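**Q** Have a look; sequence and predicted model below, questions after that.
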Amino acid sequence: MKRFVFVPFGLQEDEKVLNEAKEISYSNNIGIRFGEIDEFPNIKNVDIIFVPDILSMSFEPKVKCNFLQLINYSNDFTKMNKNFKCKVKSDKKEYFFYPTIAEKYCLKFRFRIESLGQYEFAIIDEEDNVISDKYFFEVV
């Protein structure tokens, strides 16, 4: 989650508003952003805004047999914990891996696959709902 001090256009010329924005920025160690009020209709004056990062998935598309597969998943719209899983599936087997590191909006999975082939995976929540797209990697 990114945060910044938002100042609507038109108010940046007001010395009092600009000083308030600078003070909030320095005390919270965050940047200042000037923008259209349409972007944040509930803001009429200087305020701190929280903006979600884009959800992201990173992994190795090709992994050598018995080497670690590294999967990093972040989604600022979903609170996650150590009970989430990564479901990995081939045409012969199905595996469930729990995260090595679980943060509020980020999961990091580290695991080894011992069989060659194509694998499909997705992130599963506590109620066994799939919360990510399906992705593919190959063990060579």
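**A** Yep, it's here. Numbers count the residues shown, from 1 in each chain.

**Q** show me the residues around the nearest residue to residue 67 once chain neighbours are set aside that make contact.
**A** Nearest residue to residue 67 in three dimensions, chain neighbours excluded: residue 112, at 6.9 Å (Cβ to Cβ, 6 or more residues apart in numbering). In this view, the C-beta of every residue, glycine as well, is placed from N, C-alpha and C. Listed by Cβ atoms under 8 Å, 6 or more residues apart in numbering, the contact set of residue 112 reads 66-69.

**Q** looking at the sheet around residue 112, what are its partners?
**A** residue 68 (DSSP bridges).

**Q** Which of the contacts of residue 112 has the largest number of neighbours?
**A** residue 69 (21 neighbours; other Cβ atoms under 10 Å).

**Q** what does the domain assignment say about this structure?
**A** According to automatic domain parsing, the chain comprises the domains 2-51, 56-139.

**Q** want to try TSV for those, with mean pLDDT as columns?
**A** Shown next, in TSV, are the domains of the chain (pLDDT from 0 to 100):
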stretch	mean pLDDT
domain 2-51	82
domain 56-139	93
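
**Q** quick revisit: quick check, nearest of the contacts of residue 112 to residue 134?
**A** Proximity of these to residue 134 (Cβ to Cβ) peaks at residue 69, which lies at 15.3 Å.

**Q** and residue 103, bridged to which residues?
**A** Going by DSSP bridges, residue 103 forms beta bridges with residue 106.

**Q** For residue 120, see how far away it is.
**A** 25 Å (Cβ to Cβ, to the nearest Å).

**Q** How about residue 83?
**A** In terms of Cβ to Cβ, residue 83 sits 22 Å off from residue 120.

**Q** now swap in residue 50 and tell me
**A** Applying Cβ to Cβ to residue 50 and residue 120 gives a distance of 34 Å.

**Q** So between the two, which is more surrounded?
**A** residue 120 (14 against 9).

**Q** wait, isn't the more buried one in contact with residue 135?
**A** Yes - with contact defined as Cβ atoms under 8 Å, residue 120 reaches residue 135; the gap is 7.2 Å.
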